[in-house]
Structures are given as C-alpha cells and as structure tokens.
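In: quick one, fold the following:
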Amino acid sequence: MPPITLGRMRIHKVLEMESPTPMKEQLPGVTPADIARLQSWFDLGDGEFGKDAESSLMTLSIHSFVIEVDGQTILVDTCDGNHKDRLVEAVHQLDTDYLGNLRRAGFAPEDIDLVMCTHLHFDHVGWNTRLEDGKWMPTFPNAKYLFGRRDYEYFQQEPPGEEAHHASFIDSIVPVMDAGQGIIVDENHVAHREIGDGVWLEPAFGHSPGCCTIHGKADAGEAIFWGDVIHHPIQLIRPDLPFAFDADPAEASVTRQRILRRAAEEQLLCLPAHFRGTSAGHVHVDGDAYRYQWVPG
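Out: Predicted coordinates for the structure are as follows:
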C-alpha cells in the first residue's frame, strides 16, 4: 500500500504474510446468499470463494500500520513474529521478512517511538520481541509499548482455553515489561496530544476482554485502526455472526455493529488489521448491511 496522507498524519502498511483458513471454521453460519452478496463488491479472483462456506476460504492479511505524526513514529499491532512456538500451525516457527518490509517502508526498528496493540492476541504482539542469543528481546529498542490493562491482567492469569495467547504473552509481552519498555494503560488512554487532535484508544470489548480501537486525527478526517473488531469483509454482511476467536461473542457482535455504523456515518478512514489489498478504505451502508470501498493502491 502506498502511504496515505491524512492531514499531519502519514500512514504506512507493513505486511508480514497472508493466511488462508476455511471460512466454516472461523465464521459458521455464513450462507450461499451471503457469499454471493459479498462477491458483488469483493472478489480478488483467486478462488477464495466458492458457493458456500464449506467451499470458501477466509484469507486474512497479517500486517502492521505505521503512523507518522508530529515527529512521532507509532507502530500499530506487531503481527505474529518469527521463531516462536505456537499452537496454531499456520504461524508456528515462522521465518518471514517482516523487518525487511518495515525497512522498505522506510523504517528501521530503532526508528519506532511507540508501539500500540489493539489487543493482546498472538497475531498482534509477535514482533514486540525477537530472538537474540537465545533470549527474547524487545524488537524496537527505543520504543515505549502500550498494553491495555484489561487484556494484560486477563492473559497474565493464564486463563483456561487461551493457551495460544498466553504463550505469546510470555514471549512477546513479559520481556518488554522486564526491559522497562512496557506501560499498562486504560482502554481510553490518549497516546499523543489529545482526543480529536492526536492518537488515542477507545474501548471495543468483545473479541478479547480489553480489545480497543486506535484513533488518529490531525488536521483532517479521523482514522480508525479497528484491529480484530472485524476480520474479513464477509462480516460487513453478517456482523451478527460470532467469530471463532471472540471471547464474548454477544458483546463482540454489538461492538462490531456499533463500529460499522459509526464508520459509515462519520466516513472514517478504516485501517483493518486483516483486510487484503490496500486494507484501508471506507464503510458504506448497503441496504440492511454494509459494503467496503478500498482506497486505491
């Protein structure tokens, strides 16, 4: 994605990988009519979609965003990370060129001033650390890392059923705290300047206990980095359906519908954590559902 300029902000996408998974495993309940409706405005022509959920894939882009604003360089969500033992086979012991992609976007790890995670699932915290001489060390040596309080306290307790995310807590968050670079913040924290003119968090609970959206505004329209509130465009058609990794499916659905409604009403620039293509775009009302218009690449 070419950088997007929005007032004083400049936004870059940094790709780690794309990951296909059967749609029926992630979003049971999708109908053939839902898929046909999605294909009317989104189909990359690569065979992702069949006639029903059983024959369709949900291909997710795993990427970060970098925000440049007022001399600050802020990294949003840090993907899976390399060389990490994971219970999810698709991301176990990865060896991607994520840091190369970061450099090609114009940034060395030393350039990052602040790391912000929308939530603390394994695919959003992995590059917080990298392996150096057999030890997990902060990847971004000059950065402060902000971790939401609710997720931090939840995953710290090693909750049942969250083994994959607790493993990433141990290798991708604890070393940052041990290095003195981590800061625990409330989910309405202002990270830069002030609300409406800066970068700030807003609660978006449900997918994880402390899931947040990150907002940026600087002399132009507002941008929303919505993390995993919405994973895939099919959810604009079926925001009511529970996603496989939602901690509280009912709350996640309410949050999803609230974010979509606001994004459409206020024409926010949306920066989804897992949409393919340029990822960035705008939500529009489409009858009883929504559709997405990508920013051209």
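In: just the strands in the stretch 51-200 of the chain please.
Out: Per DSSP state E, counting those that start in this stretch, the stretch 51-200 of the chain carries strands over the ranges 57-69, 72-76, 114-116, 129-132, 135-138, 144-148, 182-185, 190-194, 197-203.
In: who's sitting farthest from the centroid in this structure?
Out: Taking Cα atoms, centre = their mean, the residue of the chain most remote from its mean C-alpha position is residue 133, at 29.3 Å.
In: need the pLDDT of that one.
Out: Looking at residue 133, its pLDDT reads 96.
In: for residue 245, same thing?
Out: For residue 245, the predicted pLDDT is 89.
In: biggest helix in this protein, by residue count?
Out: Longest helix of the chain, by residue count under DSSP state H: helix 249-266.
In: go through that helix and flag the buried ones.
Out: Using 16 or more other Cβ atoms under 10 Å as the test for burial, helix 249-266 gives 249, 251, 252, 253, 255, 256, 259, 260, 263, 264. Backbone N, C-alpha and C define where each C-beta goes, glycine included.
In: which single one of the residues you listed is nearest to residue 172?
Out: residue 252 (22.8 Å; Cβ to Cβ).
In: nearest residue to the closest one other than its sequence neighbours?
Out: Nearest residue to residue 252, sequence neighbours excluded (Cβ to Cβ, 6 or more residues apart in numbering): residue 206, at 3.1 Å.
In: again, but for residue 52
Out: residue 32 (4.8 Å).
In: show me where pLDDT drops low in the stretch 151-297 of the chain?
Out: Counting by pLDDT under 70, the stretch 151-297 of the chain contains no low-confidence range.
In: and the helices in it?
Out: 163-172, 174-178, 234-237, 249-266 (DSSP state H, counting those that start in this stretch).
In: just checking, what packs against the third one?
Out: Helices and strands touching helix 234-237, by 3 or more Cβ pairs under 8 Å, 6 or more residues apart in numbering; DSSP states H and E, are helix 32-39, strand 289-294.
In: what about stretch 269-280, how long is it end to end?
Out: Start and end residues of stretch 269-280 are separated by 7 Å (Cα to Cα, to the nearest Å).
In: start the count at 21, not 1, going forward
Out: Got it, the first residue is 21 from now on, which makes the last one we talked about stretch 289-300.
In: now stretch 290-307: how far from the chain's centre is it?
Out: 12 Å (Cα atoms, centre = their mean, to the nearest Å).
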